[in-house]
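**Student:** Please work out how this folds:
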Amino acid sequence: MFLSLPTLTVLIPLVSLAGLFYSASVEENFPQDCTSTASLCFYSLLLPITIPVYVFFHLWTWMGIKLFRHN
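**Tutor:** Purely as a prediction, here's the structure:
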């Protein structure tokens, strides 16, 4: 069974936020140790930034295609 888009829109940021809070509670030097790509905390900071950027550019591309077709 596939999840619907509104469910994923709410679920993905909540999972990212949970990962961020988990990393903040587990890591001793939370902001300083997040520079290594081998640590979990790096990706818990990267996900909440990457998802909105992806959605923005996906909608930007879709809007460009819609405008190109109608002109």
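**Student:** from the middle of its chain, how far away would the host helix or strand of residue 55 be?
**Tutor:** Using DSSP states H and E, residue 55 sits within helix 40-70. The chain centre lies 9 Å from the centre of helix 40-70; the measure is C-alpha atoms, centre = their mean, to the nearest Å.
**Student:** buried residues in that helix?
**Tutor:** Residues 41, 43, 44, 45, 47 are the ones in helix 40-70 that count as buried (16 or more other C-beta atoms under 10 Å). For glycine as for every other residue, the C-beta is placed from the backbone atoms N, C-alpha and C.
**Student:** who does that helix touch, helix- and strand-wise?
**Tutor:** helix 5-26 (3 or more C-beta pairs under 8 Å, 6 or more residues apart in numbering; DSSP states H and E).
**Student:** Who are the packing partners of the helix it packs on?
**Tutor:** By 3+ C-beta pairs under 8 Å, 6+ apart, helix 5-26 packs against helix 40-70.
**Student:** what is the orientation angle of the helix it packs on with helix 5-26?
**Tutor:** 160 degrees (axes from the mean of the first three to the mean of the last three C-alpha atoms, to 10 degrees).
**Student:** So, low pLDDT: which residues of the protein?
**Tutor:** 1, 31, 33, 70-71 (pLDDT under 70).
**Student:** can you tell me which residue is nearest the centre of it?
**Tutor:** residue 51 (2.9 Å; C-alpha atoms, centre = their mean).
**Student:** Quick check: closest non-adjacent residue to that one.
**Tutor:** residue 12 (6.0 Å; C-beta to C-beta, 6 or more residues apart in numbering).
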